[in-house]
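> pasting a predicted model and its sequence here:
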Amino acid sequence: MSPRAVSLAMILAIVGLGAAIGFLAGVRRKMNLEQWTVGGRGFGTVLMFLLMAGEIYTTFSFLGASGWAYSRGGPTLYIPAYVTLAYVVSFFILPEIWEVGRKYKLQTQSDFFDMRYGNKYLAAFVCVVGVTFIVPYLQLQITGLGIIVNVASFDGIGRTPAMVISVVLLAAFVFASGVRAVAWISVLKDALMVFAALSIGIGIPYIHYGCIGPLFSALAQARPAHLTMPGATADLGHTWYISTVLLTSLGFCMWPHGFGATFTAKSRDTLRRNAVVMPLYTITLAFIFFVGFTAVLVVPGLPDGDLALLTIVRQSFPAWLLGVVGGAGALTAMVPASILILTAATLFAKNLCRPIFAPSMTDDQVTRLARAMVVVLSVISLYLATHSSATLVSLLLLGYAGVSQFFPGVVLGLYWKRVTMPGVFAGMVAGIATVAFLVLTHQDPFRGWSAGFVALCINFLITAILSLLTPAVLPPLEQTQN
Amino acid sequence: MCSPGHQAILSQPVPVKKPSLLAVLLGLIPFVAMCFSVALWDRIDPMILGIPFNLAWLLCWIILTTLCLWAAYRVETAREKKDGGAQ
């Protein structure tokens, strides 16, 4: 067998195994809306850990983080910092969100806004923004899949056909399974991912330099500026680092899918324990960085930094191991992508279409519409993925700039009685408008600050001021639940 | 199910507990160490176990963050027990 056939067969076998696990986990349960989206609300620590790990360890951390270590250098350090700090934030707010969710039977982020602020247009706006900014995250996963199949086939399969194949497979297993299946595929995905990260993170510096120390000494000598900020960039310095780490760690729990996943937990204690343990997971990122930094000197001049990890793996290891790494990578794209599609489709059907356009829809019809949306969203992301050249990291940062704008509405909604609907609505609109303006006029970073962070500050300010200027709303007594 | 036309009902029977000051302080430590103080540790030397200082610093703080959160967890659960919370 040619190396191309070996590596592709390996990837197919791994993805097939993942899909089989997914179908098995989904097949024995009857899916109503709640079962499909929040898994019946009974995930203990283990399944919850898997679901959360499945969400964070994506193609972004695999190809994106190494890609930035290769092409940008020092600024890539924001990734371990923000993921770790995001769990600190989640420790404090997720248990409370869960508590409220259980009390009012919430399923999605929009439900939360609807319940807290009692305005269906605000809830619909949250839904539109959530779905909009999930799209770049989805696009990121599909781009990653394209890169994997492209490199693993030794450039035999073009990126576009590779992406089409992956999207079809993806939509198929989202259809069949729902959120519980996704959690179980995470088991396979995480085991493979840790194996792949450790073996290439240790193996590649070893093959080319003998050890980690000589690698960094060589890099520090050849490119002294690469390892610190702003690295190979002009404008990603310390101000950018602080503002980006704040933006992304605060925004982390605001992803509609993460928010929704919170409701799948069995207890608040589950969420707290998870927050304590999860940062340790970030350590595997170091190994991914080792690979990216080795690639700087070993395979210089790649047109696209996101190719760095797989290119150097292909050059250093036999084809079957490239296949294992590629298969692990494919699952790290497909698992989060399924969660993203599932969330966005449900949000669209349940929180946008039904309340605004068709209040008489039954739960069954909502489920069917959500399934149709799975196809629509897959096609949109596929289209964007084939027509864009943004790096994986910049796609995720764009998503963060958007979803972080929910933070004031959620956190003030939980902890500040005085916050009002007009304040939150106006703040969020201003925040999103700022993001759109700065990003579309190519002013991110804005004078060294992350554009999303600038928007978040404006958002906070407007929310607070307008809340104090508008009359406080007292809840109607008959709505109080016992 | 959160039906349309639902009114804001959270602000009166708030089931939300504010975290204790001690727990919040424990949570702020990692933010200071990994985020705000970046100018102090963003350098290559001294390398630790062959890893540049900035990366080594962050890796070290990933572990220390878990310790901080574990302490915060103890603080919060102890407080909830004392309050006679349902958990």
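Received, thanks.

> please count neighbours and contacts with C-alpha atoms only from this point.
Fine.

> pretty sure residue A:355 is touching residue A:123, no?
No - if you go by CA atoms under 8 Å, residue A:355 and residue A:123 don't touch, sitting 9.3 Å apart.

> which parts of the stretch 101-250 of chain A are helices?
A:109-117, A:120-152, A:159-176, A:179-209, A:212-222, A:238-251 (DSSP state H, counting those that start in this stretch).

> oh, I was asking about chain B
Along chain B, the segments classed as helices by DSSP state H run B:21-31, B:38-41, B:53-82.

> now those in JSON lines, with mean neighbour count, distance to chain A and mean pLDDT?
Formatted as JSON lines, those follow (neighbours: other CA atoms under 10 Å in any protein chain shown; distance: least, CA to the nearest CA, whole Å; pLDDT from 0 to 100):
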{"stretch": "helix B:21-31", "mean neighbour count": "18", "distance to chain A": "6", "mean pLDDT": "94"}
{"stretch": "helix B:38-41", "mean neighbour count": "15", "distance to chain A": "7", "mean pLDDT": "92"}
{"stretch": "helix B:53-82", "mean neighbour count": "19", "distance to chain A": "5", "mean pLDDT": "92"}
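
> let's check: the centremost residue of chain B is which one?
In chain B, the residue lying closest to the centroid (CA atoms, centre = their mean) is residue B:27, at 3.5 Å.

> for that residue, what are its contacts?
A:88-89, B:68-69, B:72 (CA atoms under 8 Å, 6 or more residues apart in numbering or on different chains).

> name the nearest of these relative to residue A:295.
Nearest to residue A:295, judged by CA to CA, of the contacts of residue B:27 is residue A:88 at 32.4 Å.

> just want the angle from the helix or strand hosting that closest one to helix B:53-82.
Using DSSP states H and E, residue A:88 falls within helix A:78-103. Relative orientation of helix A:78-103 versus helix B:53-82 (axes from the mean of the first three to the mean of the last three CA atoms, to 10 degrees): 20 degrees.

> report the buried residues of helix A:78-103.
A:78-102 (16 or more other CA atoms under 10 Å in any protein chain shown).

> same question for stretch A:186-202.
A:186-190, A:192-193, A:195-198, A:200-202.

> dump the contacts of residue B:27 to a markdown table, plus distance to residue A:417.
Output for the contacts of residue B:27, formatted as a markdown table (distance: CA to CA, whole Å):
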| residue | distance to residue A:417 |
| --- | --- |
| A:88 | 24 |
| A:89 | 20 |
| B:68 | 29 |
| B:69 | 27 |
| B:72 | 25 |
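
> dump the residue contacts of the residue in chain B that chain A sits nearest to.
The nearest approach of chain B to chain A comes at residue B:50, 3.6 Å away (CA to the nearest CA). Counting by CA under 8 Å, 6+ apart, residue B:50 makes contact with A:212-214, A:216-217.

> I'd say residue A:242 and residue B:34 touch.
No - in this structure, residue A:242 is not within contact of residue B:34 by CA under 8 Å, at 9.1 Å.

> for residue A:443, phi and psi?
When read as degrees, to the nearest 10, the backbone of residue A:443 gives phi -110, psi 30.

> pull out the buried positions in whichever strand or helix holds residue A:464.
Take DSSP H and E as the rule and residue A:464 turns out to sit in helix A:451-469. Across helix A:451-469, burial judged by 16+ other CA under 10 Å covers A:451-460, A:462-464, A:466-467.

> from the residues you listed, pick the one nearest residue A:162.
Out of the buried residues of helix A:451-469, the member with the shortest distance to residue A:162 (by CA to CA) is residue A:452, at 32.3 Å.

> contacting residues around residue A:430?
A:455, A:458-459, A:462.

> what residue ranges in chain A score low on pLDDT?
A:25-56, A:173, A:176-181, A:183, A:474-482 (pLDDT under 70).

> give me the residue from it nearest chain B.
residue A:213 (3.6 Å).

> now do that residue: how many residues are near it, please.
For residue A:213, the neighbour count with other CA atoms under 10 Å in any protein chain shown is 17.

> doesn't residue B:51 make contact with it?
Yes - judged on CA under 8 Å, residue A:213 makes contact with residue B:51 at a distance of 6.4 Å.

> any common contacting residues for the two?
With CA under 8 Å, 6+ apart as the test, residue A:213 and residue B:51 reach no residue in common.

> circling back to that earlier point, just the buried residues of helix A:451-469 that are near chain B?
Filtering the buried residues of helix A:451-469 for proximity to chain B by CA under 8 Å from any CA of the partner chain leaves nothing.

> stretch A:86-93 close to chain B?
Yes - if you take CA under 8 Å from any CA as the test, stretch A:86-93 does meet chain B, through A:88-89, A:91-92.

> residues in contact with stretch A:253-262?
A:38, A:51-52, A:55, A:86, A:89-90, A:94, A:97-98, A:107-109, A:130, A:134, A:252, A:271, A:339-340, A:343-344, A:403-404, A:406-407.

> what do you get for stretch A:295-310?
A:63-64, A:66-68, A:70-71, A:147-148, A:151-152, A:208, A:219, A:291-292, A:311-312, A:322, A:326, A:391-392.

> out of the contacts of residue B:50, who has the most neighbours?
residue A:216 (24 neighbours).

> that older thread, could you measure from the closest residue to the residue of chain A closest to chain B other than its chain neighbours over to residue A:281?
Leaving out its chain neighbours, the residue that sits closest to residue A:213 by CA to CA, 6 or more residues apart in numbering or on different chains is residue B:50, at 3.6 Å. Counting by CA to CA, to the nearest Å, the gap from residue B:50 to residue A:281 is 21 Å.

> circling back to that earlier point, among the contacts of stretch A:295-310, which are located in helices?
Per DSSP H, the subset of these in helices is A:66-68, A:70-71, A:147-148, A:151-152, A:208, A:219, A:291-292, A:311-312, A:322, A:326, A:392.

> among these, name the buried ones.
Here, 16+ other CA under 10 Å leaves A:66-68, A:70-71, A:147-148, A:151-152, A:208, A:219, A:291-292, A:311-312, A:322, A:326, A:392 buried among the ones in helices among the contacts of stretch A:295-310.

> just give me the closest of the contacts of residue B:27 to residue A:227.
The closest of the contacts of residue B:27 to residue A:227 turns out to be residue A:88 (CA to CA; 26.5 Å).
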